[in-house]
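*Asks:* Generate coordinates for the sequence data below:
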Amino acid sequence: MSRYKQRENNLYNPKAEEPFRISRFRMELYLECPRCFYLDRRLGLDRPSLPSWPLNDAVDHLLKNEFDLLRKDGKKHSLMERYGIDAIPFQHPDLAEWRDDYNRFVGACVLHKQTNLELCGIIDDIWINSQGQLHIVDYKSTSTSKDISLEDEFKQGFKKQVEWYQWIFRQKGFNVSDIAYFVYANGLKGERIFDGKLEFELQIISHKGDTSWVEPLIFEIKKCLDSDNIPLSNPNCEFCGYRELVKNYE
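*Replies:* Residues are numbered from 1 along each chain as shown. This next block holds a predicted model:
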């Protein structure tokens, strides 16, 4: 028997009164392909799962531990000093929930009353500057000899990710700066001897967010979910293209 089967719970019901949760991941799915999003959220037919990234998870865990040690004492990280960032790690009783330290796959959420959609996202970190503004922070891991930037085509989703978080925390009543930060851990390949150690070079990249797209997108998502018609796919969607090819040959 195939392990892949239709999911029947946690699906959107247009007649339901309870808020329906949309995670940052599902928001990105809608942007990638409305058809795949609809098949998943309305019909329970998700895309095949991808492998996890345990090394990335390990780096995230270590960075969180490092910043948490400074968070307790209200001190800056040396990396923040190097980049002249006027901020310290933000201390808040709900931080563990926002970071999903409990593995509930929820994070920080806010209800959009006009659509009855609950928008959620799991953050990596938050810093606070001397003016009391919060900076959304995301950890990224890579291994490259090229200069790291946010201008690659596939990294545009990283920008959407932090802007989604910025919008959520503003709706939660926080004073959120337009400036978000990416802490990049770049695995170095230049050492001649491995010796069981992987060295990383850390750097910070800033991004000035624009959240003007978020609320219009929420209404788009609501309209898509309420429809009884499966939307057209994104012409560039590899999953839909594969399904169409298989259907043609079958």
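*Asks:* drop to CA atoms for contacts and neighbour counts, all remaining ones
*Replies:* Will do.
*Asks:* What count of nearby residues applies to H61?
*Replies:* 14 (other Cα atoms under 10 Å).
*Asks:* Secondary structure class of it, three-state.
*Replies:* helix (DSSP: H, G, I helix; E, B strand; the rest coil).
*Asks:* Can you name the residues that contact K64?
*Replies:* 124-125 (Cα atoms under 8 Å, 6 or more residues apart in numbering).
*Asks:* Could you check which helix or strand contains it?
*Replies:* helix 54-73 (DSSP states H and E).
*Asks:* for this protein, which spans come out with low pLDDT?
*Replies:* 1-9, 191-192 (pLDDT under 70).
*Asks:* Centroid-nearest residue for it?
*Replies:* Nearest to the mean C-alpha position of the chain, by Cα atoms, centre = their mean, lies Q161 at 4.6 Å.
*Asks:* Pretty sure that one sits against R24.
*Replies:* Yes - Q161 is within contact range of R24, at 6.9 Å (criterion: Cα atoms under 8 Å).
*Asks:* if we can go back for a sec, who's in contact with the residue nearest to the centre of the chain?
*Replies:* R24.
*Asks:* Checking it next. Helix, strand or coil?
*Replies:* Once three-state DSSP is applied, Q161 turns out helix.
*Asks:* Now do it against E201, distance only.
*Replies:* Using Cα to Cα, to the nearest Å, Q161 is found at 23 Å from E201.
*Asks:* again, but for S227
*Replies:* Note on S227: its distance to E201, by Cα to Cα, is 48 Å.
*Asks:* all strands of the chain, in order?
*Replies:* 20-22, 87-89, 108-112, 117-121, 125-129, 134-142, 179-187, 200-208 (DSSP state E).
*Asks:* any chance of the ones you listed in CSV, plus distance to S49?
*Replies:* Converted to CSV, the strands of the chain look like this (distance: least, Cα to Cα, whole Å):
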stretch, distance to S49
strand 20-22, 18
strand 87-89, 34
strand 108-112, 24
strand 117-121, 19
strand 125-129, 26
strand 134-142, 21
strand 179-187, 25
strand 200-208, 29
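*Asks:* could those go into CSV alongside distance to P51 and mean neighbour count?
*Replies:* As requested, the strands of the chain are exported to CSV (distance: least, Cα to Cα, whole Å; neighbours: other Cα atoms under 10 Å):
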stretch, distance to P51, mean neighbour count
strand 20-22, 22, 19
strand 87-89, 31, 23
strand 108-112, 25, 19
strand 117-121, 20, 22
strand 125-129, 24, 20
strand 134-142, 16, 21
strand 179-187, 20, 20
strand 200-208, 23, 15
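*Asks:* and V246, which of those strands is closest to it?
*Replies:* Of all these, strand 20-22 sits nearest to V246, with 30.0 Å by Cα to Cα.
*Asks:* Give me the distance between the two termini of stretch 138-153.
*Replies:* With Cα to Cα as the measure, stretch 138-153 spans 18 Å from end to end.
*Asks:* mind listing the helices for the chain?
*Replies:* Remark: helices assigned in the chain by DSSP state H are 24-32, 34-41, 54-73, 78-82, 95-98, 156-171, 214-226, 238-249.
*Asks:* Return the most buried member of these.
*Replies:* helix 34-41 (a mean of 22; mean count of other Cα atoms under 10 Å).
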